[in-house]
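> sequence and predicted structure below; questions after.
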Amino acid sequence: MGKKLVTKKSNKVKRFPYIEVSGIQNQYLDAALLQCIDQESLSFALRDEFKIIKKAGILPAELKQNKFSKEELVEQVSPHLLENYNFYNYLAQKWEGIQTQTLKNHFKEDYSSFTLDQWADEIRTMIQENDMPVFASVNLLRFYNNGQLKVLIHSILEDFAVQFYYESGIQMEGYDIDWDEVDEELAAEFEDESEELDLSELENEQKPEERLRLASRLIGLVADQLSELEDSSEYKALYEQELQETVKLHEELVNLNQEMKTKESQHQVVVKENRTLSKNVDSLTTKLEQSKKELGKLGLSLGEIRKEKEDLEKVNGVLERKVNTLEKEQNSIGEKVKQEVKREYDLKILLMKDEYEKKLYQLERELDEKEKEKEQTDMASSELESIRKELETIKNDLGVVEKERNELAEQINALNRTKEDSEDPLFGFNEDDIEDFVEFDNKPTRN
């Protein structure tokens, strides 16, 4: 038997559906999702997402140079997140890990039986006590049980729209908020916080990037304060003390910066490897599923082909028997046809022979009649020739008679002239008188 294909369950990448909320722009929901990774990871991850950054108007070189803050990236990328589903799915996977840890840390009791009102109360309480950012609450309500709690996002964003703006830099439309006034309050609040910064805050921070941010703010604040007190002898000792502390902070800032660069480099390598592996796993999983489907289709096709082959073999056997029978019938029919054709041919020959003989007899009779007609014609020609000869003879005789008549007339005329000269009684008669003695007819008579 062939080896069975074994698929590791851990290699199968979960594919999250794109969850929308009626009445809320997808841009706001995706802005919350983009908050689940830091600025450096987001910049690095976006370098290969050419469709997204092209729509957002961002160049790959700008991402490599870290020219954008996280707020700027979220604002520009959130409207175009779904230009690549794989990138959306990558962020959803990141959030799933965060969500699992969040539920484990913040919900001590069984939350699976919570009603919608209980969920709303718990979420509001955690936001108000700074236990959960607004963007995290939006993601939790959006992705918990494939959108089971997404109806609560409306009220959360309505109550905490300003705080969401502080976190993401996104000013949401449709809320009765004067964002210019909010910006002024935010600037004033930032200034107040700067004045209250001290070294204890810096020491208590755990994340290096937060320590770096606070140290930078503190150095700037101290520099501004010392510039005003530099000329006062009253605060000289304090100035020197603060100056030493500033140098110390500067050195720590340099160390932290170096540490951050090292960690950023390592993090980028890990992120890149993870994304490459994730894409490879997606591709291999897809190919494996496709191969399984094709194998199943081939198996079904093979079974159908075998069945068709058996049916065709049965039909072939029946047809062969029919062919043998038809061949026998054909031979028998062939002999009958030959005999029938021979009889018809013989009959046609007899008919043609009889018809020929009749035509031959008729032609012989016609020939005899023609010969008789020809003989009669020859006889008529002979008679006509005889008549022509007789007529010619008569004409000749008539000519002779006319000639004789003319000669006689001349003689008579001559005699008349002689009578006039001699007045001889013998010759004293005219032409008309001769008729009394001679019967004269110049008309020819037919023999």
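Yep, that arrived.

> and residue 260, how far from residue 248?
18 Å (C-beta to C-beta, to the nearest Å). C-beta coordinates here come from the backbone N, C-alpha and C atoms, glycine included.

> also residue 136?
Computed as C-beta to C-beta, the residue 136 to residue 248 distance reads 35 Å.

> these two: which has the busier surroundings?
In this comparison of residue 136 against residue 248, neighbours counted by other C-beta atoms under 10 Å, the higher total goes to residue 136 at 21 against 11.

> nearest spatial neighbour of the more buried one, skipping sequence neighbours?
Excluding the flanking residues, the one nearest residue 136 by C-beta to C-beta, 6 or more residues apart in numbering is residue 102, at 6.7 Å.

> so which strand or helix has the one you found?
helix 85-106 (DSSP states H and E).

> would you mark the buried spots in that helix?
Neighbour-count burial for helix 85-106 flags 87, 88, 89, 90, 91, 92, 94, 95, 99, 102 (criterion: 16 or more other C-beta atoms under 10 Å).

> give me the pLDDT for the fifth one.
Taken from the predicted model, the pLDDT recorded for residue 91 is 93.

> right, and it touches residue 32 too?
No - here residue 91 does not reach residue 32: they are 10.3 Å apart, not a contact under C-beta atoms under 8 Å.

> what sits in contact with each of those two?
Overlap of the contact sets of residue 91 and residue 32 (by C-beta atoms under 8 Å, 6 or more residues apart in numbering) is empty.

> tell me the mean pLDDT over the longest helix seen in the chain?
Taking DSSP state H as the criterion, the chain has its longest helix at helix 236-422. Average pLDDT, helix 236-422: 79.

> and the angle for it with helix 85-106?
In terms of direction (axes from the mean of the first three to the mean of the last three C-alpha atoms, to 10 degrees), helix 236-422 departs from helix 85-106 by 150 degrees.

> count of neighbours near residue 111?
Neighbour count of residue 111, defined by other C-beta under 10 Å: 13.

> OK, contacts around it?
Going by C-beta under 8 Å, 6+ apart, residue 111 touches 103, 119, 122.

> how close does the closest residue to residue 94 other than its chain neighbours get to residue 147?
Nearest non-adjacent residue to residue 94, counting by C-beta to C-beta, 6+ apart: residue 36, 5.3 Å away. From residue 36 across to residue 147, the span is 17 Å (C-beta to C-beta).

> how about residue 303?
For residue 303 relative to residue 147 (C-beta to C-beta), the value is 42 Å.

> those two: who's more crowded?
Neighbour count, other C-beta under 10 Å: between residue 303 and residue 147, residue 147 has more, with 15 against 10.

> hmm, that one is touching residue 19, no?
Yes - between residue 147 and residue 19 there is a contact under C-beta under 8 Å: 4.5 Å.

> quick one, whichever helix or strand residue 43 is part of and helix 85-106 angle?
Per DSSP H and E, residue 43 falls inside helix 39-46. If you take the same axes, to 10 degrees, helix 39-46 sits at 150 degrees to helix 85-106.

> from here on, call the first residue 666.
Understood, numbering begins at 666; the last thing we discussed is helix 704-711.

> against which helices or strands is helix 704-711 packed?
helix 725-729, helix 735-742, helix 901-1087 (3 or more C-beta pairs under 8 Å, 6 or more residues apart in numbering; DSSP states H and E).

> cutoff 10 Å now
helix 715-721, helix 725-729, helix 735-742, helix 750-771, helix 901-1087 (3 or more C-beta pairs under 10 Å, 6 or more residues apart in numbering; DSSP states H and E).

> go through those and name the closest to residue 792.
helix 750-771 (11.3 Å; C-beta to C-beta).

> what mean pLDDT does the helix or strand just after the closest one get?
Counting by DSSP H and E, the next helix or strand C-terminal to helix 750-771 is helix 781-793. Mean per-residue pLDDT for helix 781-793: 91.

> pull out the buried residues from helix 781-793.
By neighbour count with 16+ other C-beta under 10 Å, helix 781-793 contains the buried residues 784, 785, 787, 788, 789, 791, 792.

> which residues sit in contact with the last one?
When contacts are counted by C-beta atoms under 10 Å, 6 or more residues apart in numbering, residue 792 is found next to 798, 799, 801, 802, 821, 824, 825, 828, 829.

> nearest to residue 1002 among the buried residues of helix 781-793?
Among the buried residues of helix 781-793, residue 784 lies closest to residue 1002 (C-beta to C-beta), at 96.0 Å.

> for the closest one, which non-adjacent residue is closest in space?
residue 814 is the one closest to residue 784 (C-beta to C-beta, 6+ apart), at 5.6 Å.

> what is the burial count for that neighbour?
Neighbour tally, residue 814, other C-beta under 10 Å: 18.

> give the contact list for it.
By C-beta under 10 Å, 6+ apart, the contact list for residue 814 reads 779, 781, 784, 785, 788, 802, 805, 806, 807, 808.

> phi and psi next, for it.
For residue 814, the backbone dihedrals (degrees, to the nearest 10) come out as phi -110, psi 10.

> quickly note the distance from it to residue 801.
13 Å.
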